[in-house]
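Enquirer: Give me the fold of what follows.
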Amino acid sequence: MRKTALALFIIALISLASCRTDFDFQPSVGKLAFSKDTVYLDTVFTDIGSSTYTLKVYNKSSDNISIPTIQLAKGQASKYRMTVDGMTGDNGKIFSNVELLAKDSLYIFIETTANIADANPTDFLYTDQIQFGNGTNFQKVELVTLIQDAVFLYPQKFEDGTTETLTLGTGENAQEIYGFFLDENDHGNEYELTNEKPYVIYGYAAVANGKTLNIHPGARLHFHADSGIIVAGGGTININGGISTTEALENEVIFEGDRLEPDFSEVPGQWGTIWLTSGSLGGNINHLTLKNAVAGLLVENNAAVLNIRNTQIYNQSVAGILGRNGNITGENVVINNCGQACFAGTYGGKYNFTHCTFNNDWPSSTQYAVLLDNYITGADPESNPLVEANFTNSIFYGSNQIELKLNKHNSDTAFNYKFTNCLIKFNNISNQYTDDPLYDFDNGALFSQCLIAKNSVDLNPKFFNPDANKLNIEPESPAAGKGDASVIVPVDVLGNPRTSTPPDLGAYQSAVFPEEN
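Expert: A predicted model of the protein is given here:
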């Protein structure tokens, strides 16, 4: 009897609950609120999928509602696609009877993959709407995407399903990587990349033996993940950027990743490197801005010199310039924020830098502005001569106490270096280097007229805004007017005349900062 009574009681509770109206859904009356009235999906390359963007939809009423339709205005033909609270609807284009509780919200995630032919020919915008409800209850949110046309360079895919690769090394050390040799395009032994359209590169684009890659002023190269340029033995690279007069940097050559959204504008490690392999013939780099790679420039075993001028390298996950027995000359080079070193001259080599700025605020305790060594563990031979490493009128700074690292592996192997009129941050707080002859700052044969910053206050060069890669200095900077007057690059990295006598240290002629960053 008691069991029967208990069962009847439970049934009664269920019946009462079924009479509740908390989850009755009323038709939407068009009073939805939105986190934004227009969703801008930023810029994408033609036929390359965008990132995912979010729209939040609010029901601020006290009623549970049912939205009869959420759809893209262009329907199944739309190049946009959506998910609504995890639902994909009809191909991500149309959703029916979407329920939304009182005082609650839902998320819509939006993506697009569109072609330049889909965009408005006058402004290259591709647009659509997300429409909510119908009739008198109709509401909308605009969708806008800029489509940028590009030249796509990538390995061939063969009929048997395999893909073109490049072979690095020989014998047992040979390895295949995803890449291809550049097409000469009727220019004989010259490859020409112009500013007519940006280039999007998949895999490593290789410059073959006996060939030269010429990159013209204003060219834009965008690299997919694990991509870059390889200059093979006997190959040459010339990057021929020029001074720009507007914020569009119309003559600067720019290398960066292929993600154009603002959230990716300063993310390191998005692509690989520009790799001058053993035996390449070097070349000339002028007015290049290189961002967000693993190692900006990798130069190894080069007898021929690579000349780098008026070049800015930012946000590299390993190094801005990595030399392995390289031969590099740099003038007006700026490198900021790298995982290990702004410049690393390893396994010996020849390096000469004048009026350069190396600053490393990478958030760790093991990075340096500049690192020099003459060995590689496990190599044969392990040590290699550092024939010369000369730095003049330059700045070495950053967030660590020690921003110059010198590693000499073997006393029998040459380790030649000299710093002349340089500002070097070196705060020997642990006295680890007190008796190390490599850091004898009183030895004029190694350090001539250098300023040694022993803390973060004294001799701070006071860069304009390092977080925004603006390493300009003011006339009041300790680095101003401290250079060697006998060694002057006539103009700075921006093309401004060097008028100070003595000259300023670093890549920038000092000037009063603008009022706002």
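Enquirer: Residue 410 contacts residue 384, doesn't it?
Expert: No - Residue 410 is beyond contact range of residue 384, at 9.5 Å (criterion: C-beta atoms under 8 Å). Heads up, the C-betas are built off the backbone N, CA and C, glycines and all.
Enquirer: which residues do the two both contact?
Expert: Among the neighbours of residue 410, those also in contact with residue 384 (C-beta atoms under 8 Å, 6 or more residues apart in numbering) are 374, 375.
Enquirer: Name the residue in those two with the higher neighbour count.
Expert: residue 384 (22 against 14; other C-beta atoms under 10 Å).
Enquirer: List the contacts of the more buried one.
Expert: So residue 384 contacts 325, 347, 348, 349, 374, 375, 376, 413 (C-beta under 8 Å, 6+ apart).
Enquirer: separation between it and residue 295?
Expert: Residue 384 sits 19 Å away from residue 295, going by C-beta to C-beta, to the nearest Å.
Enquirer: what do you get for residue 132?
Expert: On the measure of C-beta to C-beta, residue 132 and residue 295 end up 49 Å apart.
Enquirer: And residue 205, by the same measure?
Expert: Distance from residue 205 to residue 295, by C-beta to C-beta: 16 Å.
Enquirer: now residue 358
Expert: 15 Å.
Enquirer: Which residue of the two possesses the greater neighbour count?
Expert: Counting neighbours by other C-beta under 10 Å for residue 358 and for residue 295 shows that residue 358 has the greater number, 32 against 25.
Enquirer: which SSE is that one in?
Expert: strand 357-360 (DSSP states H and E).
Enquirer: Show residues contacting the helix or strand following that strand.
Expert: Using DSSP H and E, the next helix or strand after strand 357-360 towards the C-terminus is strand 368-373. Contact with strand 368-373 is made by 340-347, 351, 358-360, 386, 389, 391, 396-398, 400, 402-409, 415, 417, 425, as judged by C-beta under 8 Å, 6+ apart.
Enquirer: Out of these, list just those in helices.
Expert: Among the contacts of strand 368-373, the subset assigned to helices under DSSP state H is empty.
Enquirer: Filter those residues down to the buried ones and hand me the PyMOL line.
Expert: In PyMOL, a selection of the buried entries from these looks like this (16 or more other C-beta atoms under 10 Å):
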select buried, resi 340+341+342+343+344+345+346+347+351+358+359+360+386+389+391+396+397+398+400+402+403+404+405+406+408+409+415+417+425
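Enquirer: roughly how far out does the helix or strand harbouring residue 82 sit from the chain middle?
Expert: Assigned by DSSP H and E, residue 82 belongs to strand 80-84. Its chain's average C-alpha position is 29 Å from that of strand 80-84, according to C-alpha atoms, centre = their mean, to the nearest Å.
Enquirer: and the helix or strand just after that strand, which residues are buried?
Expert: Past strand 80-84, further along toward the C-terminus, the next helix or strand under DSSP H and E is strand 94-100. By neighbour count on 16+ other C-beta under 10 Å, the buried set for strand 94-100 is 94, 95, 98, 100.
Enquirer: Between strand 80-84 and strand 94-100, find me the angle.
Expert: Going by axes from the mean of the first three to the mean of the last three C-alpha atoms, to 10 degrees, strand 94-100 is angled at 30 degrees with respect to strand 80-84.
Enquirer: Now strand 94-100: average pLDDT?
Expert: The pLDDT scores in strand 94-100 average 95.
Enquirer: tell me what the very next helix or strand once past that strand is packed against?
Expert: Following strand 94-100 in sequence order, the next helix or strand is strand 104-112 (DSSP H and E). Counting contacts by 3 or more C-beta pairs under 8 Å, 6 or more residues apart in numbering; DSSP states H and E, strand 104-112 packs against strand 38-45, strand 53-59, strand 80-84, strand 125-132, strand 139-148.
Enquirer: Make CSV from these and add mean neighbour count to it.
Expert: Formatted as CSV, the helices and strands packed on strand 104-112 follow (neighbours: other C-beta atoms under 10 Å):
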stretch, mean neighbour count
strand 38-45, 18
strand 53-59, 17
strand 80-84, 20
strand 125-132, 19
strand 139-148, 19
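Enquirer: of the buried residues of strand 94-100, closest to residue 58?
Expert: The closest of the buried residues of strand 94-100 to residue 58 turns out to be residue 100 (C-beta to C-beta; 8.6 Å).
Enquirer: which residues does that closest one bridge with?
Expert: residue 65 (DSSP bridges).
Enquirer: wouldn't it be in contact with residue 59 here?
Expert: Yes - Residue 100 is in contact with residue 59 according to C-beta under 8 Å; the separation is 4.4 Å.
Enquirer: joint contacts of the two?
Expert: Joint contacts of residue 100 and residue 59 (C-beta under 8 Å, 6+ apart) are residue 65.
Enquirer: what's the nearest residue to residue 156 if we skip its chain neighbours?
Expert: Nearest residue to residue 156 in three dimensions, chain neighbours excluded: residue 164, at 4.4 Å (C-beta to C-beta, 6 or more residues apart in numbering).
Enquirer: rewinding a little: any idea which of the helices and strands packed on strand 104-112 gets closest to residue 233?
Expert: Nearest of these (C-beta to C-beta): strand 38-45, 32.4 Å.
Enquirer: Can you list the strands that the closest one pairs with?
Expert: According to DSSP bridges, strand 38-45 has these partners: strand 139-148 (parallel).
Enquirer: packing partners for the helix or strand that comes right after the partner strand?
Expert: Next helix or strand after strand 139-148 toward the C-terminus (DSSP H and E): strand 151-153. On a contact count with 3+ C-beta pairs under 8 Å, 6+ apart, strand 151-153 meets strand 199-201.
Enquirer: repeat that for 10 Å
Expert: strand 199-201, strand 220-223 (3 or more C-beta pairs under 10 Å, 6 or more residues apart in numbering; DSSP states H and E).
Enquirer: and of those, who's closest to residue 79?
Expert: Residue 79 lies closest, by C-beta to C-beta, to one member of the helices and strands packed on strand 151-153: strand 199-201, at 18.5 Å.
Enquirer: Can you tell me the centre-most residue of this protein?
Expert: The residue lying closest to the centre of the chain (C-alpha atoms, centre = their mean) is residue 292, at 1.9 Å.
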